[in-house]
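1. Below are the sequence and a predicted model; questions follow.
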Amino acid sequence: MAKAKSRSVSDLLRAPSDGGSLKDVDPGATPGAGKRAKTEARTAALSERLSTLQEQLYAEGSAGGHRRLLLVLQGMDTSGKDGTVRRVVGTVNPAGVQITSFKKPTRAELRHDFLWRINRAVPTPGQLGIFNRSQYEDVLVVRVHELVPKSEWSSRYDRINNWERQLVDDGVHLVKVFLHISKEEQLARLVARLDDPDKHWKFNPGDVDERLLWDDYTRAYAETIAKCSTEYAPWYVVPADRKWYRDFAVTSLLVEALTAMAPQYPPAAFDVDEQRARVLAT
């Protein structure tokens with residue numbers, strides 16, 4: 001009997017087309033992974049592959065290519081967005097990386113459409129872009145805190161989908177990740193920050209206020225994922241209670257995306273033999 005082909009991490013983590021329910025996803029699960037030690041070894045190998053692929057994309061862009069990869073990170077407070085940037089993206093050439101952390105909009109930004117500041121941060125050709133929070137804050141935070149009327153935020157799903165379609169048509173490959181942690185794990189991480197003086201700087205009293213709105217955020221995320229997981233820009237739900245699994249999953253998603261893109265080193269724009277002779281003559 002032929003051995004069944006194992007499913008890719010992207011297949012395992014892709015949000016269902018019907019939206020499903022976040023309650024059906026175990027934040028402590030490890031789909032596609034084995035035991036921790038073996039998985040960490042796989043992650044290290046994947047990181048090397050990611051570094052090579054990212055360099056090829058960067059080289060392709062430097063030679064006039066227009067393609068780029070954009071990783072969108074969303075999640076509850078303490079879900080590991082910063083950690084993902086540090087541990088996953090930190091393994092590649094920083095010259096080919098564009099990181100944008102979206103904070104509360106400034107007064108100047110609020111004078112524009114909600115997509116204005118997002119569009120300005122889209123990675124340039126050849127770059128691996130990272131959005132630490134993103135356009136989705138405008139259907140999450142604004143909804144939960146009732147910053148704009150429902151008629152306004154509810155119309156943004158289609159606008160986001162159309163904008164992402166334009167990005168894809170322009171050569172942007174999107175990997176949208178929701179880092180899914182449990183309420184219990186968030187509690188443990190917040191307490192750990194308070195127990196360690198070296199981590200007090202990471203603690204924000206406002207996180208406690210947001211935690212009280214956990215159910216509201218869960219509903220907002222579930223609807224956002226259901227409405228904005230498209231064929232051209234799907235959402236991936238990454239169980240994030242285990243940091244080692246989170247790193248494996250996000251690294252795998254990026255490697256799969258770049259492998260599908262198949263970036264290539266550009267050919268030399270000069271006579272290699274002639275330039276070798278010149279170098280040897282110096």
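-> Happy to help now that I have it.

2. Contact partners for Ser252?
-> For Ser252, the residues meeting the contact criterion (Cβ atoms under 8 Å, 6 or more residues apart in numbering) are Ser8, Val9, Ser10, Gly32, Leu46. C-beta: built from backbone N, CA, C; applies to glycine.

3. rerun at 6 Å
-> When contacts are counted by Cβ atoms under 6 Å, 6 or more residues apart in numbering, Ser252 is found next to Val9.

4. Can you say which helix or strand has it in it?
-> Assignment of secondary structure by DSSP states H and E places Ser252 within helix 243-261.

5. Please tell me how far Leu213 sits from Leu57.
-> Computed as Cβ to Cβ, to the nearest Å, the Leu213 to Leu57 distance reads 38 Å.

6. whoops, Arg49 was the one
-> When distance is defined by Cβ to Cβ, Arg49 is 13 Å away from Leu57.

7. Show me which of these two is the more surrounded one.
-> Remark: of Arg49 and Leu57, Leu57 carries more neighbours, 26 against 15, as counted by other Cβ atoms under 10 Å.

8. which residues in the stretch 51-200 of the chain form strands?
-> Listed from the start of the chain, the stretch 51-200 of the chain has strands (DSSP state E, counting those that start in this stretch) covering 68-75, 97-101, 128-132, 172-180.

9. Could you dump the ones you listed into JSON lines with mean neighbour count added?
-> JSON lines is the format used below for the strands of the stretch 51-200 of the chain (neighbours: other Cβ atoms under 10 Å):
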{"stretch": "strand 68-75", "mean neighbour count": "24"}
{"stretch": "strand 97-101", "mean neighbour count": "16"}
{"stretch": "strand 128-132", "mean neighbour count": "23"}
{"stretch": "strand 172-180", "mean neighbour count": "23"}
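
10. closest to Asp26 out of the ones you listed?
-> In terms of Cβ to Cβ, the element of these nearest to Asp26 is strand 172-180, at 8.8 Å.

11. Quick one: list the elements packing against that closest one.
-> Contact here means 3 or more Cβ pairs under 6 Å, 6 or more residues apart in numbering; DSSP states H and E; on that basis strand 172-180 packs against strand 68-75, strand 235-239, helix 243-261.

12. try it again with 10 Å
-> Using 3 or more Cβ pairs under 10 Å, 6 or more residues apart in numbering; DSSP states H and E as the contact criterion, the neighbours of strand 172-180 among helices and strands are helix 9-13, strand 68-75, helix 81-87, strand 128-132, helix 156-169, helix 214-228, strand 235-239, helix 243-261.
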